[in-house]
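Enquirer: Predicted model and sequence follow; I will ask about them next.
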Amino acid sequence: MSDRAVAEGARNGLFQQASLEFMRYFEDPTFMFSVPLELGGTLFQRKVWAALRRIPPGTTCSYGEMARRLGSSPRAVGNACRRNPCPVIVPCHRVVSANGLGGYAGATGGPLLARKRWLLAHEGVIVDG
DNA sequence: CAATTGTTTCGTC
DNA sequence: GACGAAACAATTG
């Protein structure tokens, strides 16, 4: 986020909206975020993130499906997901690998993966692993 | 198990 | 800046 955006966000009460939506999401997994985000990044990354935001809660998508939807390759999709600037709001946790769980926030194991599983479980998704 | 894929990143010129 | 090589949260043969 640019400094200017931060100042503007504060002025417009976007922080308040964001935290409100966070609380709503934690109470109700079917809630979908509507806060306007400042997604920089390359064109491809924004395409991937936009696609992520269209995944309904409680549903998962494989990297392969995303790749086909975007006319790209699974590896590239994973790359873009990894650079997701806003985890949770942009639900990169709804993207799983074909034979496992995939990764989260740059990690393929450890506590971050646990967080991903927690989020999915919160939405009623059971993952094998 | 190896080959392959698209995209980003890093090192060099 | 431009260019080539390596790396990556995977999938397919």
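Expert: Great, that's in hand. Computed from a predicted structure; not experimentally measured.
Enquirer: Going by C-alpha atoms from here, please, whenever you check contacts or count neighbours.
Expert: Fine.
Enquirer: Count the neighbours of A:T59 for me.
Expert: Burial of A:T59, expressed as a neighbour count using other CA atoms under 10 Å, amounts to 12.
Enquirer: Disregarding flanking residues, what is the spatial nearest neighbour of A:G78?
Expert: Closest residue to A:G78 apart from its sequence neighbours, by CA to CA, 6 or more residues apart in numbering: A:Y63 at 6.6 Å.
Enquirer: what bits of chain A have low per-residue confidence?
Expert: Along chain A, segments meeting pLDDT under 70 span A:129.
Enquirer: if you set the cut-off to 80 instead, what comes out?
Expert: Counting by pLDDT under 80, chain A shows low-confidence ranges at A:1-2, A:128-129.
Enquirer: Report the contact partners of the closest residue to DNA strand C within chain A.
Expert: Closest approach of chain A to DNA strand C (CA to the nearest atom of the strand) occurs at A:R82, with a separation of 2.9 Å. A:R82 makes contact with A:104-106 under the criterion CA atoms under 8 Å, 6 or more residues apart in numbering.
Enquirer: which residues does the residue nearest the centre of chain A contact?
Expert: Computing the C-alpha centroid of chain A and ranking residues by CA atoms, centre = their mean puts A:P91 first, at 2.2 Å. Remark: with contacts taken as CA under 8 Å, 6+ apart, A:P91 is in contact with A:52-53, A:55.
Enquirer: Which of those fall in strands?
Expert: By the criterion of DSSP state E, membership of these in strands covers no residue at all.
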